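*Asks:* give the three-dimensional model of this entry:
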Amino acid sequence: MNAVLEVKNLTKIFKIYKNDFQRLKEAFSKKKYHKELVANDNISFSLKEGESLGIIGLNGAGKSTLLKQIAGVLEPSSGEIIKFSKVAAILELGTGFDPELSGRENIYFNGFLLGMQKDHIDKIYNEIVDFSELVNFINMPIKSYSSGMIVRLAFSIAVFSDAKIFIIDEALSVGDAHFSQKCITKLNEIKQNGTSIIFVSHDLAALKLLCQRIILLKEGKLIGDGEASSILQEYNYLISKQSEQNSEYENGYGDKAAEVLEAYILKNDKPSKVFFSGDEATICIKIKANKDLSDLVVGFLIKDKFSQDIFGTNSNIINHPITVKKDKIYLISYILNLNIGNAFYTMSLALHQSDTHVDVCHHWLDNYLSFQVISDPTFIGISKLYPTIRIKEI
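*Replies:* Numbers count the residues shown, from 1 in each chain. Next comes the predicted model:
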């Protein structure tokens, strides 16, 4: 297959000034008053016709900066970007829209920005409106739209354009699950028709579903380029290492008669931040006793991104008393199957001496751990309940 995009030795450097006065002083002197931030550092890769490429990395890795250069919003400091096809990009929310104009007017306005002619927009107008499901709002100014509605409109315009390179920066994370699923289906459809896709997201399930290949960025450098599952493993390792570096945790309280030294979640005896629904996980909580305790309770609580309680338990609830001796270190492990749905989760930890952590709390750590669960397509929601079907004629 032919390449539709080539990125060669791309570097982007931002000049950071303390204030506008420093910028003005530099303009009238030979002295440098700025610091340099290297957002992208000598990045090279290519994109083939009909290929879907994911881009991942920790926050600040340079993903959005890279996309903005490919889309033509930013100029590279050095290197070159060779585009053999027209590009349509969904970047920051609302980019390419006039809030005072109606949805209908913005379809034409945004279409012109994407390089489409009026007669082409006329032909695809009804398809855009139908796909966006905004027919009842299309004549209203988009300043009255929710963020989800704006994403619906932006995606619909771009996906029906004549561009052969489609760039998406986290857009599918805004809005409802129904429309996100609809977008994934449409993206796979245009990919089959030869459109190439570049997709940036923190949603690993969506990346794995959509992308054959992923590149991994770290501190502006490209450190991985390959098959999706292998690069996602590298990314998972990066997240785990970052968690270790951030082990000095301050969001906790208690009398410290016993305290959590560290905690992590194992998958197949290795630390992991990403699980498939139903995977066996081992929650490991390393604690130190600072005094003798005969009725220590150790527990955890899993929450979703809306801080809703998903599952929690402790050693008192499951009738497993714990006795510890002063200055001794213990490893408490909970083994369970993560029969929960596709989402990001946090886990809080508690050491206490009664039925609740409120009465005598030794150590409470709020949202101490984080992890993601990727679900299979056999169920929706937050719980995997393994139903069976029986059919009986009556």
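
*Asks:* please tell me how far the closest residue to Y253 other than its chain neighbours sits from Y345.
*Replies:* Among residues not flanking Y253 along the chain, W364 sits closest, at 5.7 Å (Cβ to Cβ, 6 or more residues apart in numbering). Placement of C-beta: from N, CA and C, glycine included. Distance of W364 to Y345, computed by Cβ to Cβ, to the nearest Å: 18 Å.

*Asks:* hmm, back to that, measure the residue nearest to Y253 to K392 for me?
*Replies:* 51 Å.

*Asks:* and for I223?
*Replies:* I223 is 58 Å from K392, by Cβ to Cβ.

*Asks:* so these two - more neighbours on which side?
*Replies:* Legend: neighbour count by other Cβ atoms under 10 Å for I223 and K392, higher for I223 (14 against 4).

*Asks:* domain ranges for the protein?
*Replies:* Listed domain ranges for the chain are 3-239, 252-374 (source: automatic domain parsing).

*Asks:* quick one: the ones you listed as a markdown table, columns for distance to L385 and mean pLDDT too.
*Replies:* As requested, those are exported to a markdown table (distance: least, Cβ to Cβ, whole Å; pLDDT from 0 to 100):
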| stretch | distance to L385 | mean pLDDT |
| --- | --- | --- |
| domain 3-239 | 19 | 90 |
| domain 252-374 | 8 | 91 |
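
*Asks:* pipe these into TSV and attach distance to K384 per row.
*Replies:* Putting these into TSV (distance: least, Cβ to Cβ, whole Å) gives the following:
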stretch	distance to K384
domain 3-239	14
domain 252-374	4
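
*Asks:* OK, contacts around the residue nearest to F131 when sequence neighbours are not counted?
*Replies:* With Cβ to Cβ, 6+ apart as the criterion, F131 has its nearest non-adjacent residue at 4.5 Å, and that residue is S156. When contacts are counted by Cβ atoms under 8 Å, 6 or more residues apart in numbering, S156 touches E127, I128, V129, F131, S132.

*Asks:* also G103?
*Replies:* L134, F137, I138, N139, M140, I142, Y145, L153.

*Asks:* how close does it sit to T388?
*Replies:* For G103, the distance to T388 equals 46 Å [Cβ to Cβ].

*Asks:* can you check T313 too?
*Replies:* 27 Å.

*Asks:* give me the more crowded residue out of those two.
*Replies:* Neighbour comparison, T313 and T388: the larger count goes to T313, with 13 against 4 (by other Cβ under 10 Å).

*Asks:* partners of that one in the sheet?
*Replies:* With DSSP bridges applied, T313 shows beta-bridge pairing to F300.

*Asks:* list the contacts of G50.
*Replies:* M1, K191, Q192, N193, G194, T195, S196.

*Asks:* pull out the buried positions in stretch 146-155.
*Replies:* For stretch 146-155, the neighbour count (16 or more other Cβ atoms under 10 Å) marks M149, I150, V151, R152, L153, A154, F155 as buried.

*Asks:* S44 reaches T11, doesn't it?
*Replies:* No - using Cβ atoms under 8 Å, S44 is not in contact with T11; the gap is 10.5 Å.

*Asks:* what's the overlap in contacts for the two?
*Replies:* G79.

*Asks:* the two - which one has more neighbours?
*Replies:* T11 (16 against 12).

*Asks:* strand partners (parallel or antiparallel) of the helix or strand harbouring the more buried one?
*Replies:* Secondary structure assigned from DSSP states H and E places T11 in strand 3-16. Paired strands of strand 3-16, with direction, are strand 35-48 (antiparallel), strand 78-83 (antiparallel) (DSSP bridges).

*Asks:* in the last one, what's buried?
*Replies:* It stands for strand 78-83. G79, I81, K83.

*Asks:* closest to D292 among the residues you listed?
*Replies:* Nearest to D292 among the buried residues of strand 78-83, counting by Cβ to Cβ, is G79 at 63.8 Å.

*Asks:* so who does that closest one touch?
*Replies:* V7, K8, N9, L10, T11, N42, I43, S44.

*Asks:* helices of the stretch 151-300 of the chain, start to end?
*Replies:* For the stretch 151-300 of the chain, the helices defined by DSSP state H, counting those that start in this stretch cover 177-192, 204-210, 228-245.

*Asks:* counting contacts, what elements does the shortest one pack onto?
*Replies:* Yep, that's helix 204-210 we're talking about. Judged by 3 or more Cβ pairs under 8 Å, 6 or more residues apart in numbering; DSSP states H and E, the packing partners of helix 204-210 are strand 52-57, helix 177-192, strand 196-200, helix 228-245, strand 361-374.

*Asks:* ends of stretch 301-315, how far apart?
*Replies:* 12 Å (Cα to Cα, to the nearest Å).

*Asks:* residues in contact with it?
*Replies:* 296-300, 321-322, 332, 334, 340, 343-348, 350, 367, 382.

*Asks:* restricted to buried residues, select the residues you listed in ChimeraX.
*Replies:* Burial among the contacts of stretch 301-315 is assessed by 16+ other Cβ under 10 Å; the matching ChimeraX selection reads:
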select :296,297,298,299,300,322,332,334,340,343,345,346,347,348,350,382
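
*Asks:* about what we covered before: which of the helices of the stretch 151-300 of the chain sits most buried?
*Replies:* The highest average neighbour count among the helices of the stretch 151-300 of the chain, using mean count of other Cβ atoms under 10 Å, belongs to helix 204-210 at a mean of 20.

*Asks:* contacts made by that helix with the rest, please.
*Replies:* Contacts for helix 204-210 (Cβ under 8 Å, 6+ apart): 52, 54, 56, 172, 180, 184, 187-188, 197, 199, 201, 214, 228-229, 232, 235, 274, 342, 372, 374-375.

*Asks:* tell me the gap between that helix and the middle of its chain.
*Replies:* 10 Å (Cα atoms, centre = their mean, to the nearest Å).

*Asks:* about what we covered before: mind listing which of the contacts of stretch 301-315 are in strands?
*Replies:* Secondary structure defined by DSSP state E assigns 296-300, 322, 332, 334, 343-348, 350, 367 of these to strands.
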